[in-house]
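*Asks:* make a model of this:
(chains A, B and C)
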Amino acid sequence: MPELPEVETIVRRLAPRLRGRTVVRADVRRANVVRGTPQRFERAVTGARIESVSRRGKFLVFRLADGRVWWSHLRMTGQWRVERERGRTRPGPHGRGGRVRESRRMDVAHRPDDPYVRAVFELDDGSTLSFVDVRTLGEMEIVSARQWTRREAAMGLEPLSPEFTPQALAERLAASRRPVKEFLLDQTRIAGLGNIYAVEALWRAGISPRRRARSVGVRRAVRLHRAIVDVLRQAVEKAGTSLGETSQDYVDSEGVPGSFQEFLDVYDREGEPCRRCRTPIRRIVQGQRSTYYCPGCQR
DNA sequence: GGTCCGACCTGGCAGC
DNA sequence: TGCTGCCAGGTCGGAC
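*Replies:* Model (predicted):
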């Protein structure tokens, strides 16, 4: 489930491969992964030169040399892969390196007949950029710089930016009557948090996910701010969270899973003892999403 | 304007 | 063994 740390990892992997590259051929195989028609998208992207690769919230942003912006959202199961001409991903200069990285690579290498490859882009250096998505909820679009600026303006604070301060969080919390967990998932308030990191941050801060956002108060908001920043930074360091080994689970652009799942304190631990107070972790449903929390020490 | 909820989508899995 | 139905969850749009 790509959230901020997973998208950030993908950006870091993709950037050195894609910067300066030009798309020489595009093949959109599944219509609903692009906004508009596949033909229109293929025309728009062919000949485009990628100037930079970045992230805004959970969005991947390819800035094009002509000023346009190619954004993509991975939603639940979307993945980007870059591969050399011979169809093999290259080991990168980053991460845990060497044999360990190679042994951790899932058997998900792109094949031309892979049924989950939804769009393929041939680049001018002979490599291939593929968009893979089992559930086809992910999508992409090419827009003008102005359209992207408008879209970006509607997004919430970047939690790893200097603008995300305890005070800014406290002010936004005070203006909402929703449960704090649902508040954290609202991308117009904070851009990048998803279900996993929201419940982990609330556990670290000792705040009940049921508590109304406006009742969090300044002191708890300071704790929550610290918890959000810490959990996201640590997850980025661990290259994100991969919960299983199915075709739907998160892997980066080289097929390598993250390792933050080893550090999860509450997510997916229903019935297991809280690591702080030993109370069994409880699972509830909020806003049609699973919430995990400790009823003993989260108030 | 804020909040809530269904729809989208498909693989995995439990239950029968 | 095979079928059915539920679950996973990020975003959007419509309803209230």
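*Asks:* so who does the residue nearest to A:G57 when sequence neighbours are not counted touch?
*Replies:* Nearest non-adjacent residue to A:G57, counting by C-beta to C-beta, 6 or more residues apart in numbering: A:A191, 3.0 Å away. From N, CA and C alone the C-beta is placed, and that goes for glycine too. Residues in contact with A:A191, defined by C-beta atoms under 8 Å, 6 or more residues apart in numbering, are A:L4, A:R56, A:G57, A:K58, A:M155, A:G156, A:L157, A:E158, A:P159.
*Asks:* can you pick out the most distant pair from the residues you listed?
*Replies:* A:K58 and A:L157 (13.6 Å; C-beta to C-beta).
*Asks:* who's more crowded, those two?
*Replies:* Neighbours per residue, other C-beta atoms under 10 Å: of A:K58 and A:L157, the larger number sits with A:K58, 21 against 18.
*Asks:* could I get the pLDDT score of that one?
*Replies:* In this model, A:K58 is scored at 93, pLDDT.
*Asks:* A:R35 now?
*Replies:* Among the per-residue scores, A:R35 holds a pLDDT of 89.
*Asks:* that one contacts A:R151, doesn't it?
*Replies:* No - counting by C-beta atoms under 8 Å, A:R35 does not reach A:R151; the two are 11.5 Å apart.
*Asks:* which bits of the stretch 151-299 of chain A sit near DNA strand B?
*Replies:* Proximity of the stretch 151-299 of chain A to DNA strand B (C-beta under 7 Å from any atom of the strand) is limited to residues A:175-179, A:182, A:186, A:213, A:246-248, A:287-288.
*Asks:* got any ranges where the stretch 101-250 of chain A has weak pLDDT?
*Replies:* A:101-113 (pLDDT under 70).
*Asks:* how about 50 then?
*Replies:* A:101-110 (pLDDT under 50).
*Asks:* the residue of it found nearest DNA strand C: neighbouring residues, count only.
*Replies:* DNA strand C sits closest to A:G194 of the stretch 101-250 of chain A, with a gap of 3.2 Å, by C-beta to the nearest atom of the strand. Using other C-beta under 10 Å, A:G194 is surrounded by 21 other residues.
*Asks:* show me the contacts for the residue in the stretch 1-150 of chain A positioned nearest to DNA strand B.
*Replies:* The stretch 1-150 of chain A approaches DNA strand B most closely through A:R135 (4.0 Å), counting by C-beta to the nearest atom of the strand. Counting by C-beta under 8 Å, 6+ apart, A:R135 makes contact with A:R75, A:M76, A:T77, A:Q248.
*Asks:* my read: the second one touches A:Q248, true?
*Replies:* Yes - with contacts counted by C-beta under 8 Å, A:M76 reaches A:Q248, the gap being 7.3 Å.
*Asks:* what does chain A put close to DNA strand C?
*Replies:* Checking chain A against DNA strand C by C-beta under 7 Å from any atom of the strand, the hits are A:1, A:3, A:57-59, A:73, A:75-76, A:135, A:137, A:185, A:187, A:194-196, A:285, A:288-290.
*Asks:* contacts for the longest helix along chain A, please.
*Replies:* Counting by DSSP state H, the longest helix found in chain A is helix A:217-237. The contact list for helix A:217-237, computed with C-beta under 8 Å, 6+ apart, reads A:4-5, A:8-9, A:159-160, A:164-166, A:169-170, A:173, A:180, A:184, A:190, A:192-193, A:197, A:200-202, A:204-207, A:216, A:241, A:258, A:260, A:263.
*Asks:* okay, strands next: where are they in chain A?
*Replies:* Along chain A, counting by DSSP state E, strands occupy A:23-28, A:50-56, A:59-64, A:69-73, A:78-83, A:117-123, A:128-133, A:139-143, A:282-286, A:289-293.
*Asks:* so of those, which one's packed in deepest?
*Replies:* strand A:78-83 (a mean of 24; mean count of other C-beta atoms under 10 Å).
*Asks:* and that one, average pLDDT?
*Replies:* Strand A:78-83 comes out at a mean pLDDT of 92.
*Asks:* what about that strand, near DNA strand B?
*Replies:* No - Strand A:78-83 does not reach DNA strand B (C-beta under 7 Å from any atom of the strand); its nearest approach is 10.9 Å.
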